[in-house]
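Trainee: Predicted coordinates and the sequence they were generated for:
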Amino acid sequence: MSRPPEQLNTQALGAWLAAHVPGYRGEPVLTPFRGGQSNPTYRLDGHDQSYVLRSKPAPASQLLPSAHAIEREYRVMAALHAAGFAVPRMLALCEDEGVMGRAFYVMQHMQGRVLWEQSLPDMTREQRRAHYLAMNHTLADLHRVDVQAAGLSDFGRPGQYVQRQISRWSKQYVASITQPIAEMDRLMAWLPAHLPHSATQSDSVSVVHGDYRLDNVMFAPNDATVIAVLDWELSTLGHPLADFSYHCLAWHIEPGAFRGIGGLDLVALGIPSEHEYIQAYCQRTESTQADALQSDWNFYLAFNFFRLAAILQGIAKRIEAGTAASDQATASAAGARPMAELGWHFAQRHKGSTGG
């Protein structure tokens, strides 16, 4: 579970909430949700209503540059909610760290299911298929949001997303090294030298979630309807194929390693194959880049395994610094090396690659 903020002044927080959240009253009670090692997330109970509070894991002075920008989360979710996309309603943002020791925001508390086991063991074949296709369709719908109409045209730089991500996560990885990983060094050199044409097309720009996976999606209590997409810390304007291929890493990660379904009997489970999943996404988005996805798929997998390894290495660094905010952080941090190894594996499989 996430750790509650140390030395929290509940009186000051309650006063702020009463002044900024319509209808709020009473002294706040915070209960941590499972997970949330990036930005701690809590159920917030007042006198007669429940909300969700999400905060930075530490004061800004203790964080890596550009990390944990919850004000960006707040902005994109508010805009997407107004556009009719499945996110909670935003209620208030506090950037004053004097209130509870770190910045935070408050949003609607939604009643639904967050599923953690990728194989969905308690479901029938038909239910598994329905939940996976609902996830697929929801991400496709995100990538179809009109960025300009949603007021998000300045939410990120519109071009060279993959190039900028390689540069950003290379810097973040170098700043977070606890033990060197040879495959990360190889990927930092290989990726910029093997950018495919599909990754450089300037007209392929959408809102990207950046960490879209099963446990960042909330389903309705009794069916496969997606009622909310959560954890928008890594969102920006970017390339939809890069965002979608990150979501598909699960098909290549073994269960127990890091949220994967690799090696499972998907036919028996009723979970779509990766090929079928890609086709469903392309059909939903009316994408003209299905051929590019096929020819460049190994590059996108290598890129996203590199990116995921860098994210996990950042968690490892925060464990070392004592600022990691979840009991799951240690297990996540241990995944950096195997994710980098998988990234290098797919880099070597990419067409035209000469390896190291």
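Mentor: Done, it's in.

Trainee: Distance of the closest residue to Arg113 other than its chain neighbours relative to Tyr132?
Mentor: Setting aside the residues directly before and after it, Arg113 is nearest to Phe219 in space (C-beta to C-beta, 6 or more residues apart in numbering), at 4.8 Å. Where C-beta positions appear, they are placed from N, C-alpha and C, glycine not excepted. Phe219 is 11 Å from Tyr132, where distance means C-beta to C-beta, to the nearest Å.

Trainee: Comparing these two, which shows the higher neighbour count?
Mentor: In this view Phe219 and Tyr132 are compared by other C-beta atoms under 10 Å, and Tyr132 has more residues nearby, 24 against 20.

Trainee: was I right about the more buried one contacting Ile271?
Mentor: Yes - when contacts are counted by C-beta atoms under 8 Å, Tyr132 is listed as touching Ile271 (5.5 Å).

Trainee: coming back round to it: please report how far the residue nearest to Arg113 lies from Lys351.
Mentor: For Phe219, the distance to Lys351 - C-beta to C-beta - is 38 Å.

Trainee: swap in Gln127?
Mentor: From Gln127 to Lys351 the distance is 38 Å (C-beta to C-beta).

Trainee: Kindly report the same for Ala220.
Mentor: For Ala220, the distance to Lys351 - C-beta to C-beta - is 42 Å.

Trainee: Next: Tyr51.
Mentor: To Lys351, Tyr51 is 50 Å away according to C-beta to C-beta.

Trainee: When those two are compared, which one has more neighbours?
Mentor: Tyr51 (21 against 11).

Trainee: Checking the more buried one next. Helix, strand or coil?
Mentor: Secondary structure of Tyr51, reduced to three states by DSSP: H, G, I helix; E, B strand; the rest coil: strand.

Trainee: beta partners of it?
Mentor: Beta bridges link Tyr51 to Leu44, Gln108 when assigned by DSSP bridges.

Trainee: just checking, it touches Met110?
Mentor: No - Tyr51 lies out of contact with Met110 (C-beta under 8 Å); the separation is 10.4 Å.

Trainee: pLDDT wise, what is the residue nearest in space to the middle of the chain at?
Mentor: Taking C-alpha atoms, centre = their mean, the centroid of the chain lies closest to Asp211, which sits 2.0 Å from it. Asp211 carries a pLDDT score of 94 in this model.
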